[in-house]
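Novice: sequence below, structure please.
(chains A and B)
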2 protein chains.
Amino acid sequence: MDNRQIVLKSRPVGIPQPAHFELKVSPAPQIGEGEFLVENHYLSVDPAQRGYVNDENNYAPPVPIGAVMRAMAVAQVIESRHPDYRLGDYLYGWFGWQDYCVGTPASVLRRVIPAQAPLSAGAGLLGINGLTAHLALHDIGQPKVGETVLVTAAAGAVGSIVGQLVQQAGARAVAVVGSDDKGRQCIAEYGYAAFVNYRQPAGGTLDAALRAACPQGVHVFFDNTGGEIADVVFGQMALFGRVIQCGTMSIASWVPTPVGPRRDREILTRRLRVEGFVIFDHLERYDDTAAALAQMLLERRLRYVEDISDEIADAPQALVEVYSGRNRGKRLIRLR
Amino acid sequence: MDNRQIVLKSRPVGIPQPAHFELKVSPAPQIGEGEFLVENHYLSVDPAQRGYVNDENNYAPPVPIGAVMRAMAVAQVIESRHPDYRLGDYLYGWFGWQDYCVGTPASVLRRVIPAQAPLSAGAGLLGINGLTAHLALHDIGQPKVGETVLVTAAAGAVGSIVGQLVQQAGARAVAVVGSDDKGRQCIAEYGYAAFVNYRQPAGGTLDAALRAACPQGVHVFFDNTGGEIADVVFGQMALFGRVIQCGTMSIASWVPTPVGPRRDREILTRRLRVEGFVIFDHLERYDDTAAALAQMLLERRLRYVEDISDEIADAPQALVEVYSGRNRGKRLIRLR
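Specialist: Have a look, this model is predicted:
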């Protein structure tokens, strides 16, 4: 049984490019006692993967050169020597950009329940993207009825869920996107009340466009990008505003540390709360949160969009596209 | 009855200097119905006053040119046409850098209880400095036993209280100060376990000195200064660390916005919570908090240091000295 693997060939500085990876084929691995073998169905493509390969500050050590690319996937157990993981079980976990992976309980993020939603949703809406949207918005953002919630990368895998959850909470979601087309999609499909195109802002400047879209200021800033957009947003935060630091997609490299306007004064005088959010801190809440999202899906109160390729060799290019904002919704590679 | 007043003569950019003020003498004001007249005893000199006169982002509109300098003071009611404020009552409030002030209920921050502590303490330990130390440390910092709490301007009016409260909480306080002399005072008198001299750091760099003083990282950063010291501290924050943004004393001017290393990545990967604290949001808790601090004082579990002048004309220079770190403890002007 051949195992196709996307392997890290060299260490990128900044956004990883296809040249940093190569496709290798080797025999599928053997499992030992207490292990199980999974067959991947959907490989996840996530902005966080930049951090997995860069030799920079992150929340996990970098992927070694020559190793399979770290990635989450939805997979099925096809062989098992662990009593809790049975043939046919579907799992969402750290199974890498490859066909087959030896699993242990530590590699599992959650069990995928096929009755809840289509299998692919296990990697997006019911995976880290939907879970991040739900937990970060409510834990840190705590939007109140009538408040304005501004979301960067609003048409992405997380942002497309956030807008809908904001709307359900009775707050007003405003999307920051890279094209009018995406903005219109945010309004039509993702619960957003307005959008700002940061590349071609209405009114000529991002500042003016944001002021027009958020006349009461920004009560909650759900930030997936950081950088220059965030610089402008900080100047429009409402008193006691909450900033969810969920990602820094707009910063190509953190070595050397880029500079930008100091935000201390805004944080102080506006009494902001700025907080970092990493979904992997909240494992014990995945199942309940996923069940809540699945229920909304069942009741047709939530929709999700996927952007799926069928070639494992396309995974590195898909990551580049996520960074350049060329994806719509959750980016996945379907293997079977 | 003559009223000496320190009046704002011109609008400073950055730190106000004596040349921006002048001493004027005019007749003491008359009160109307519902008002009362106070005689100031202790005028407060506070870093926050820079923000009151600059035409920059702040939490209150700037003092107009020609108006008496906005300041807090401990004062006594000497005439009253308000039933709740009687002759002889001591009050802490917005009475300005002057001898006499017309008060209304809105100008009062709290009633000073002479039995609790010496009158002057009403402007420092039991005034905004002690209240800030207590509420910001416990509300935002939430230090746990054994954690490290790093404090900038540690020998100042707020920092000198914070160190002692940290020690009482079973955590480890580390002082950032501008001289070894102040550092030794922090250890001897203010409950600090160690200090870092940011002007002449042991080990040659601030980074090395901080690492030596905080080997487990910084769990709580009580920041009164912002700027370059904070830049280094962010790189040494522990996972899930809390940053109390309490002041930005090290930044001379916010126009134009100064630049510095972006902190987004540290906030995200270390899951920091950075929060602005302004004491004036917590008026309803002043009395209880002051009572708790007064009780510690009574039990000799808390000490405070004051740096007192007797000339009203010295107030502007005293403010300059607070900014340059030349004060020790709470800076006050005693009028009677």
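Novice: where does the prediction get shaky in the stretch 151-300 of chain A?
Specialist: By pLDDT under 70, the stretch 151-300 of chain A contains no weakly predicted segment.
Novice: switch to 90 and redo it
Specialist: When residues are selected by pLDDT under 90, those of the stretch 151-300 of chain A lie in A:248-256.
Novice: what's the first helix or strand after the helix or strand hosting residue A:183?
Specialist: Assigned by DSSP states H and E, residue A:183 belongs to helix A:180-189. Going down the chain from helix A:180-189, the next helix or strand is strand A:194-197, by DSSP H and E.
Novice: from chain B, how far out is residue A:329?
Specialist: The spacing between residue A:329 and chain B, counted by Cβ to the nearest Cβ, to the nearest Å, is 23 Å. Every C-beta, even on glycine, is put in place using the N, C-alpha and C of the backbone.
Novice: return the residues in contact with the nearest residue to that residue once chain neighbours are set aside.
Specialist: Ranked by Cβ to Cβ, 6 or more residues apart in numbering or on different chains and with sequence neighbours excluded, the top spatial neighbour of residue A:329 is residue A:305, at 3.0 Å. Counting by Cβ atoms under 8 Å, 6 or more residues apart in numbering or on different chains, residue A:305 makes contact with A:160, A:189, A:328, A:329, A:330.
Novice: picking that back up, report all helices and strands that the helix holding residue A:183 contacts.
Specialist: helix A:159-168, strand A:172-177, strand A:194-197 (3 or more Cβ pairs under 8 Å, 6 or more residues apart in numbering or on different chains; DSSP states H and E).
Novice: domains of chain A?
Specialist: Per automatic domain parsing, the domain ranges recorded for chain A read A:2-124+A:305-334, A:128-279.
Novice: reformat those domains as TSV; add distance to residue B:44.
Specialist: TSV is the format used below for the domains of chain A (distance: least, Cβ to Cβ, whole Å):
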stretch	distance to residue B:44
domain A:2-124+A:305-334	41
domain A:128-279	19
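Novice: among those, which is the most enclosed?
Specialist: Mean neighbour count (mean count of other Cβ atoms under 10 Å in any protein chain shown) peaks for domain A:128-279 among the domains of chain A, with a mean of 22.
Novice: now the end-to-end length of it.
Specialist: 7 Å (Cα to Cα, to the nearest Å).
Novice: check stretch A:186-203 too.
Specialist: End-to-end for stretch A:186-203, by Cα to Cα: 20 Å.
Novice: how far off centre is it?
Specialist: Computed by Cα atoms, centre = their mean, to the nearest Å, the chain-centroid distance of stretch A:186-203 equals 20 Å.
Novice: which residues touch stretch A:95-104?
Specialist: Here stretch A:95-104 has contacts from A:1-6, A:28-32, A:34-40, A:43, A:68-73, A:75, A:77-78, A:82, A:85, A:91, A:93, A:107, A:312, A:315, A:333, A:335, using Cβ under 8 Å, 6+ apart.
Novice: restricted to strands, list those.
Specialist: Residues from the contacts of stretch A:95-104 lying in strands, with DSSP state E as the criterion: A:2-6, A:36-40, A:43, A:73, A:75, A:77-78, A:91, A:93, A:333.
Novice: what's the closest of the helices and strands packed on helix A:180-189 to residue A:220?
Specialist: Of all the helices and strands packed on helix A:180-189, it is helix A:159-168 that lies closest to residue A:220, at 8.0 Å by Cβ to Cβ.
Novice: that closest one to helix A:180-189, inter-axis angle?
Specialist: Inter-element angle recorded for helix A:159-168 and helix A:180-189: 40 degrees (by axes from the mean of the first three to the mean of the last three Cα atoms, to 10 degrees).
Novice: elements contacting helix A:159-168?
Specialist: Using 3+ Cβ pairs under 8 Å, 6+ apart: helix A:159-168 touches helix A:128-136, strand A:148-152, strand A:172-177, helix A:180-189.
Novice: so what strands line up beside the shortest one?
Specialist: Strands that pair with strand A:148-152, judged by DSSP bridges, come out as strand A:172-177 (parallel), strand A:218-223 (parallel).
Novice: give me the mean pLDDT for stretch A:329-336.
Specialist: Regarding stretch A:329-336, the rounded mean pLDDT is 94.
Novice: distance from the chain centre to it, please.
Specialist: 13 Å.
Novice: before we move on, the earlier item: and the residue nearest to residue A:329, how far from residue A:321?
Specialist: 15 Å (Cβ to Cβ, to the nearest Å).
Novice: cool, and residue A:213?
Specialist: 26 Å.
Novice: secondary structure element for the residue nearest to residue A:17 when sequence neighbours are not counted, which one?
Specialist: Of all residues not flanking residue A:17 in the chain, residue A:320 sits nearest, at 6.2 Å (Cβ to Cβ, 6+ apart). Element membership of residue A:320 [criterion: DSSP H and E] is helix A:315-324.
Novice: for that helix, output the C-alpha coordinates as PDB.
Specialist: C-alpha atoms of helix A:315-324 as PDB (Å, rounded to 0.1, in the frame of the first residue of the first chain):
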ATOM      1  CA  ALA A 315      -1.600  21.100  -1.100                       C
ATOM      2  CA  PRO A 316       1.500  23.400  -0.900                       C
ATOM      3  CA  GLN A 317       0.000  25.700  -3.600                       C
ATOM      4  CA  ALA A 318      -3.300  25.700  -1.700                       C
ATOM      5  CA  LEU A 319      -1.500  27.100   1.300                       C
ATOM      6  CA  VAL A 320       0.000  29.900  -0.800                       C
ATOM      7  CA  GLU A 321      -3.500  30.700  -2.000                       C
ATOM      8  CA  VAL A 322      -4.900  30.800   1.500                       C
ATOM      9  CA  TYR A 323      -2.300  33.400   2.400                       C
ATOM     10  CA  SER A 324      -3.000  35.500  -0.600                       C
END
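Novice: outside of it, which residues touch it?
Specialist: Outside helix A:315-324, the residues that touch it by Cβ under 8 Å, 6+ apart are A:6, A:15-18, A:20-21, A:43, A:45-47, A:49-50, A:69, A:71, A:97, A:156, A:249, A:309, A:327, A:331, A:333.
Novice: so what pLDDT did the residue positioned nearest the centre of chain A get?
Specialist: Against the mean C-alpha coordinate of chain A, by Cα atoms, centre = their mean, the closest residue is residue A:129 at 4.5 Å. Per-residue pLDDT puts residue A:129 at 96.
Novice: that one contacts residue A:161, correct?
Specialist: Yes. Using Cβ atoms under 8 Å as the test, residue A:129 is close enough to residue A:161 to be in contact (6.5 Å).
Novice: how about the residues of chain A near chain B?
Specialist: For chain A, the residues in contact with chain B (Cβ under 8 Å from any Cβ of the partner chain) are A:51, A:56-59, A:226-227, A:230, A:245-248, A:251, A:254, A:257-278, A:281.
Novice: in strands only, show me the residues you listed.
Specialist: Counting by DSSP E, the residues of chain A next to chain B contribute A:245, A:259, A:260, A:261, A:273, A:274, A:275, A:276 to strands.
Novice: how close does residue A:302 sit to chain B?
Specialist: For residue A:302 relative to chain B (Cβ to the nearest Cβ), the value is 26 Å.
Novice: many thanks, we can stop here.
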